[in-house]
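Student: sequence plus the predicted model coming up.
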Amino acid sequence: MASSERVLIAGGGPVGVVTALALAQRGFPVTVFEAGAAVNDAPRAATTHPATLELLAGLGLVDEVIRQGLTARTFQFRDRPSGALIAEFDHERLREDTPYPFVVQCEQHKLARLAIDRLGALPGVEVHFSARVADIDPRPGHVEVAVELSGRRRRFRGAFLVGADGGRSTVRKAAGIRFEGYTFPERFIVLTTRFDFAAERGYCYRNYFSDPDEWANLFKVAGDDGKGLWRVVFPTRADESDAAALGEAGVQQRIQRFFPRATPYEIVHRNLYKAHQRVAATFRQGRVLLAGDAAHVNNPIGGLGLNCGIHDGVELAQRLAAWSGADRNGDHELDLYDRRRRPLNIEFVQRQTVNNKKRLEEKDPAVRAANFEQLRQTAADPARHRQFLLHTSLIESVRKAALIT
Ligand SMILES: Cc1cc2nc3c(=O)[nH]c(=O)nc-3n(C[C@H](O)[C@H](O)[C@H](O)COP(=O)(O)OP(=O)(O)OC[C@H]3O[C@@H](n4cnc5c(N)ncnc54)[C@H](O)[C@@H]3O)c2cc1C
């Protein structure tokens, strides 16, 4: 389907460029503005769930994502103080539900680069780096944006503007859309090391450790050289300074307390992140649409934020294509984007990540024991095991989206 309706996208993060690809494959001319000089390769998302792999297959990206990532069939919950394995979940239980009964650990910068490569082969696509959207000017029938591009301010015009410019979205703020929710007082520290926790300690590629004093997550990613990197995530103390958390002494103490070994760990990266639970009051205002972190942010336990952003991008392209096919007057199609994506984010991403964090940090021994028992029973019962995974993998969210018309 060809369309003369150019779509402007603020933000060339993974959601911006995947959305651009979904739109360009449907014939929309697209212009992406990315404030950074290159794709940001800070260690953030990697976990890509089955429902998202299905969407990436639709965009022709899944084989390369699988090739550049690591396939993780299982994930485990452990009690950190005792080290005991509480429950293991196996995506193989979803074999009848998805062609991808596994998670792929693929770093988000790899996905973004892949999408940008594919965009390069499509007509009508422009991707500008060092291009910051500074202001927006929604008009009846189109949107104009002011962009700081190579030191000059230029205006661009499009039929629609997608704000995919991350949690601090300029587009969302300029549109006056509230970002409702809260920010956690503690931050999350991510330590990256080559130490092989599978060979040395027998851990799988995705591990969640519950601890009343300091919970932890442990994941493996392939790394740019494919040799494998492990990311350990901890909360900081609310009163801990950045310097204390990121300093060599603090970093070694934190990782050694958890996984003691005779020699210091080689830390390849150390990063601190703020964590929030926030959802935009609307995902659509006239011809301005929000997607990804610009629309919703959540704590990373469960690996859902980017997954949900990719679901936004694919849905957005479907809605704009339907709008285009409905003689460009179908407000219903544009509203449907908000009516689907916003409640599904609250139900599947906000609730799940809040519960995941509570489960890991729970301090009451009786509640901890009850949580562990529930996990054990869920994992032991085939029907509940599958139902749990349908929820965590976002397959249930996709099925529910189809019911919202
Ligand atoms: C430690 C950690 C681990 C995570 N793990 C997972 C995981 O395993 N799975 C998962 O699904 N999610 C995970 N997430 C969440 C995930 O990283 C985000 O949801 C994801 O980055 C959102 O992508 P995005 O493109 O919407 O936003 P971003 O990645 O923030 O990209 C926004 C882009 O917009 C650009 N930009 C900003 N302002 C402007 C402007 N005014 N004009 C032009 N460009 C602009 C920025 O430079 C940036 O490149 C994790 C997050 C963290 C912090």
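Tutor: The structure has been received and is ready for your questions.
Student: contacts only, for the residue in the stretch 1-150 of the chain that the ligand sits nearest to.
Tutor: Residue of the stretch 1-150 of the chain nearest the ligand, by Cβ to the nearest ligand atom: residue 13 (2.1 Å). Any C-beta I mention is one placed from the backbone N, CA and C, and that applies to glycine too. Contacts for residue 13 (Cβ atoms under 8 Å, 6 or more residues apart in numbering) come out as 34, 40, 108, 112, 164-166, 292-293.
Student: those: which ones sit near the ligand?
Tutor: 34, 40, 108, 164-166, 292-293 (Cβ under 6 Å from any ligand atom).
Student: count the residues that sit near the closest residue to the ligand within the stretch 101-250 of the chain.
Tutor: Closest approach between the stretch 101-250 of the chain and the ligand, counting by Cβ to the nearest ligand atom: residue 166, at 2.9 Å. Neighbours of residue 166 under the rule other Cβ atoms under 10 Å: 21.
Student: can you tell me the centre-most residue of this protein?
Tutor: Centroid-nearest residue in the chain, with Cα atoms, centre = their mean: residue 306, separated by 1.5 Å.
Student: the stretch 1-150 of the chain: strands as residue ranges?
Tutor: Shown for the stretch 1-150 of the chain, the strands assigned by DSSP state E, counting those that start in this stretch span residues 7-10, 30-33, 47-48, 70-72, 74-79, 85-90, 103-105, 125-128, 131-139, 142-149.
Student: measure the residue nearest to the centre of the chain to the ligand for me?
Tutor: With the distance defined as Cβ to the nearest ligand atom, to the nearest Å, residue 306 ends up 3 Å from the ligand.
Student: quick check: that residue vs residue 70, distance?
Tutor: 16 Å (Cβ to Cβ, to the nearest Å).
Student: try residue 80
Tutor: For residue 80, the distance to residue 70 - Cβ to Cβ - is 23 Å.
Student: who has more neighbours, these two?
Tutor: Neighbours per residue (other Cβ under 10 Å) separate residue 80 from residue 70, with residue 70 holding more: 20 against 17.
Student: my read is that the more buried one contacts residue 222, right?
Tutor: Yes: using Cβ atoms under 8 Å, residue 70 is in contact with residue 222, at 5.1 Å.
Student: helix, strand, or coil at the residue nearest to residue 193 when sequence neighbours are not counted?
Tutor: In space, residue 193 comes closest to residue 265 once its chain neighbours are excluded; the distance is 5.0 Å by Cβ to Cβ, 6 or more residues apart in numbering. What DSSP: H, G, I helix; E, B strand; the rest coil gives for residue 265 is coil.
Student: burial of residue 265, as a residue count?
Tutor: As a measure of burial, residue 265 has 19 neighbours, counting by other Cβ under 10 Å.
Student: and it, what does it touch?
Tutor: Neighbours of residue 265 in contact, by Cβ under 8 Å, 6+ apart: 191, 193, 195, 252, 255-256.
Student: can you pick the most crowded of the ones next to the ligand among the contacts of residue 13?
Tutor: residue 164 (33 neighbours).
Student: backbone dihedrals for that residue, please?
Tutor: phi -120, psi 40 (degrees, to the nearest 10).
Student: give the contact list for it.
Tutor: Contacts of residue 164 (Cβ under 8 Å, 6+ apart): 9-11, 13, 15-16, 19, 290-292, 294, 309, 313.
Student: so which bits of the helix or strand harbouring residue 319 are buried?
Tutor: Assessed by DSSP states H and E, residue 319 sits inside helix 305-325. For helix 305-325, the neighbour count (16 or more other Cβ atoms under 10 Å) marks 305-321, 323-324 as buried.
Student: on contacts alone, who are the packing partners of it?
Tutor: helix 14-25, strand 47-48, helix 50-58, strand 296-297, helix 331-344, helix 395-401 (3 or more Cβ pairs under 8 Å, 6 or more residues apart in numbering; DSSP states H and E).
Student: format the ones you listed as JSON lines; extra columns: mean neighbour count, distance to residue 383 and mean pLDDT.
Tutor: Below are these laid out as JSON lines (neighbours: other Cβ atoms under 10 Å; distance: least, Cβ to Cβ, whole Å; pLDDT from 0 to 100):
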{"stretch": "helix 14-25", "mean neighbour count": "28", "distance to residue 383": "34", "mean pLDDT": "98"}
{"stretch": "strand 47-48", "mean neighbour count": "26", "distance to residue 383": "24", "mean pLDDT": "98"}
{"stretch": "helix 50-58", "mean neighbour count": "22", "distance to residue 383": "18", "mean pLDDT": "98"}
{"stretch": "strand 296-297", "mean neighbour count": "28", "distance to residue 383": "30", "mean pLDDT": "98"}
{"stretch": "helix 331-344", "mean neighbour count": "19", "distance to residue 383": "23", "mean pLDDT": "95"}
{"stretch": "helix 395-401", "mean neighbour count": "19", "distance to residue 383": "14", "mean pLDDT": "97"}
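Student: as JSON lines, these with distance to residue 217 would be great.
Tutor: Below are those laid out as JSON lines (distance: least, Cβ to Cβ, whole Å):
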{"stretch": "helix 14-25", "distance to residue 217": "20"}
{"stretch": "strand 47-48", "distance to residue 217": "10"}
{"stretch": "helix 50-58", "distance to residue 217": "19"}
{"stretch": "strand 296-297", "distance to residue 217": "17"}
{"stretch": "helix 331-344", "distance to residue 217": "24"}
{"stretch": "helix 395-401", "distance to residue 217": "22"}
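Student: so which of these comes closest to residue 199?
Tutor: Proximity to residue 199 (Cβ to Cβ) singles out strand 47-48 among the helices and strands packed on helix 305-325, at 21.3 Å.
Student: all good on my end, thank you.
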